[in-house]
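[1] With the sequence up front, the predicted model follows.
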Amino acid sequence: MEITITLTDTQVKSAEVEMADIQDWLENAITVRADIAQKNIIEKLVAHCNENEIALAVGVDAQILQAYDLGVAIAAADRELPSEV
């Protein structure tokens, strides 16, 4: 998936003070956050499957899909988020 963001010149200049490569920093940030979410989803899936005697799918990709299929994982856009984050 390719995601494009738009920054103002001022935002770019400001970010350059903190990071040598903005693109690299952004890619790293989303990769690390996705890895954390993946770990959390799999932990919840394993607990759910154990509690309900459901066979756990094999492999990370299959487990993430299984978590969605079982309602263990729900995309943020598809659920009501708390008003204060």
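    Right, received. Where do you want to start?
[2] From now on I want contacts and neighbour counts done on CA atoms only, so please keep to that.
    Fine.
[3] The spatially most central residue of the chain is in what secondary structure piece?
    Taking CA atoms, centre = their mean, the centroid of the chain lies closest to Ala34, which sits 3.3 Å from it. Applying DSSP states H and E as the criterion places Ala34 in helix 22-51.
[4] ok, and for that helix, which residues are buried?
    38, 41-42, 45-46, 48-49 (16 or more other CA atoms under 10 Å).
[5] again with stretch 8-23
    For stretch 8-23, it's none, nothing buried (16+ other CA under 10 Å).
[6] re earlier: check the spacing between the residue nearest to the centre of the chain and Ala67 real quick.
    Going from Ala34 to Ala67 by CA to CA, to the nearest Å gives 15 Å.
[7] that older thread, tabulate the buried residues of helix 22-51 in a markdown table, adding columns for pLDDT and distance to Thr8.
    Listed next are the buried residues of helix 22-51 as a markdown table, based on pLDDT from 0 to 100; distance: CA to CA, whole Å:
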| residue | pLDDT | distance to Thr8 |
| --- | --- | --- |
| Gln38 | 98 | 32 |
| Ile41 | 98 | 35 |
| Ile42 | 98 | 38 |
| Leu45 | 98 | 41 |
| Val46 | 98 | 43 |
| His48 | 98 | 45 |
| Cys49 | 98 | 47 |
